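Trainee: got a predicted structure plus its sequence, pasted below:
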Amino acid sequence: MVTSDPATFADMLSREQAAEAAMILGDPEPFKALWSRGNDISLFGAFGPCKKGWHQISKTMDWVASRYREGAVTDEYEVVHEGADLAYTVGYEIADVVLDGAPMARQRLRVTQIYRREHGEWHLVHRHGDFAPADQSPP
């Protein structure tokens, strides 16, 4: 785990990447540790759940991690914006994973996340992830 200053947004992104790696190995705790504990947090998850509040999101993270057993993930950010107390990222999580016991397969999620600084530390307050469809736009 990264042990640099948790007050910097760059450190938050580094800790998040490590937490995503743990999640696809079946361990939700590092990812859960990044979240605010507020009732106003929200999740629009790639597997369908739309949850609000720490209790529901925590249970959902446990369920998501239970589906994974092996893999590696890479983040590709399209946009990273840091404000004084709010920040967001837009990009992709690309992973080769074992999901629900199936053979290793590529998973590409489009992910938008919103972060809020609370008591001097960055925390996730919203995540919207979905499985990226094929780009059908003209070249």
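Mentor: Nice, I can see it. Numbers count the residues shown, from 1 in each chain.

Trainee: any weak-confidence spans in this structure?
Mentor: 1-6 (pLDDT under 70).

Trainee: can you pull out the helices in it?
Mentor: 9-23, 29-32, 54-66 (DSSP state H).

Trainee: could you dump the second one to PDB, C-alpha only?
Mentor: Right, the one you point to is helix 29-32. What follows is helix 29-32, C-alpha atoms only, in PDB (Å, rounded to 0.1, in the frame of the first residue of the first chain):
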ATOM      1  CA  GLU A  29     -11.300  -3.500   2.000                       C
ATOM      2  CA  PRO A  30      -8.800  -1.200   0.400                       C
ATOM      3  CA  PHE A  31     -11.400   0.100  -2.000                       C
ATOM      4  CA  LYS A  32     -14.000   0.500   0.700                       C
END
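
Trainee: for that helix, name the packing helices and strands.
Mentor: Applying 3 or more C-beta pairs under 8 Å, 6 or more residues apart in numbering; DSSP states H and E, one finds that helix 29-32 makes contact with helix 9-23, helix 54-66. (Each C-beta comes from the backbone N, C-alpha and C, glycine too.)

Trainee: between the longest one and helix 54-66, how big is the angle?
Mentor: Looking back up the chat, that one is helix 9-23. 50 degrees (axes from the mean of the first three to the mean of the last three C-alpha atoms, to 10 degrees).

Trainee: returning to what we had before: which one of the helices and strands packed on helix 29-32 is the most hemmed in?
Mentor: Compared across the helices and strands packed on helix 29-32, helix 9-23 shows the largest average neighbour count, a mean of 18 (mean count of other C-beta atoms under 10 Å).

Trainee: by contact count, what packs against it?
Mentor: Using 3+ C-beta pairs under 8 Å, 6+ apart, helix 9-23 is in contact with helix 29-32, helix 54-66, strand 68-82, strand 86-99, strand 105-118, strand 121-131.
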